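Colleague: after the sequence you'll find the predicted model.
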Amino acid sequence: MKKLWKRNAVVAAALVLVCAAIYLNGSYAAKVQQPNKVLGQSTQVDAPAQEATETAAEAEPSDYFATARLTRKQARDSAISLLREAGESENVDSAAADEAARSIQTLAAYTLAEAQIENMITAKGYADCVVFMAEDGVSVVVSTETDGLQTEDVARITDIVKQETGFDAEKIKILEVN
């Protein structure tokens, strides 16, 4: 009985971490979203402030994208590692192992879809982008080489995301880094 409790606790902890990663992804997008945003309207966000003595004007938008990708990868790797441990434990029942395997497959599908969307967006001529997927929507952060995102740009990016994920336009958030 005690082993069953431990196994279930490990599976529950892994699922909590996955949910936390999804929540943090969503809360990040919500922080940058304007309350009166019109569907399809882009929002500009500043690159993250650097703690060094550099001024904000010297910060590169690519630093934001590299940091965002690294953070996303670390969170996913940690969650997948915990799910694998939980699923491969000797004391785990088949239902918990199946749930862990489904969660791993979901995270892997998100990772592949994010990479594919990022590649397709940059292939359309945008300077850089990073995509965050969750079960309730997609957030796309884009850097452009021009004067910013136009209505046509938002529509093009929305179409790419819709084709790859099947999400409706209401579940797609597009933000611009300047």
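Modeller: Structure received.
Colleague: any stretches of this structure with poor pLDDT?
Modeller: Segments of the chain classed as low confidence (criterion: pLDDT under 70) are 1-62, 178.
Colleague: now for the host helix or strand of Tyr64, which elements pack on it?
Modeller: Assessed by DSSP states H and E, Tyr64 sits inside helix 61-88. Using 3 or more Cβ pairs under 8 Å, 6 or more residues apart in numbering; DSSP states H and E, the elements in contact with helix 61-88 are helix 2-32, helix 94-123, strand 128-134, strand 137-143, strand 172-177. Heads up, the C-betas are built off the backbone N, CA and C, glycines and all.
Colleague: can we see that at 7 Å?
Modeller: Helix 61-88 is packed against helix 2-32, helix 94-123, strand 128-134, strand 137-143, with contacts defined by 3 or more Cβ pairs under 7 Å, 6 or more residues apart in numbering; DSSP states H and E.
Colleague: please identify the buried residues of it?
Modeller: For helix 61-88, burial by neighbour count (16 or more other Cβ atoms under 10 Å) applies to 61, 64-65, 68-69, 71-72, 75-76, 79-80, 82-83, 86-87.
Colleague: let me know the closest of those residues to Asp153.
Modeller: For those, the minimum distance to Asp153 (Cβ to Cβ) is 15.7 Å, reached by Pro61.
Colleague: was I right to think Gly87 contacts Ala95?
Modeller: No - the criterion here is Cβ atoms under 7 Å, and Gly87 misses it with Ala95 at 11.1 Å.
Colleague: count of neighbours near Asp98?
Modeller: If you count neighbours by other Cβ atoms under 10 Å, Asp98 ends up with 12.
Colleague: do I have it right that Tyr110 meets Glu135?
Modeller: No - contact between Tyr110 and Glu135 fails when scored by Cβ under 7 Å: they sit 8.8 Å apart.
Colleague: the more surrounded of those two?
Modeller: More neighbours surround Tyr110 than the other of Tyr110 and Glu135, with 22 against 10 (other Cβ under 10 Å).
Colleague: residues in contact with the more buried one?
Modeller: Applying Cβ atoms under 7 Å, 6 or more residues apart in numbering to Tyr110 gives the contacts Met133.
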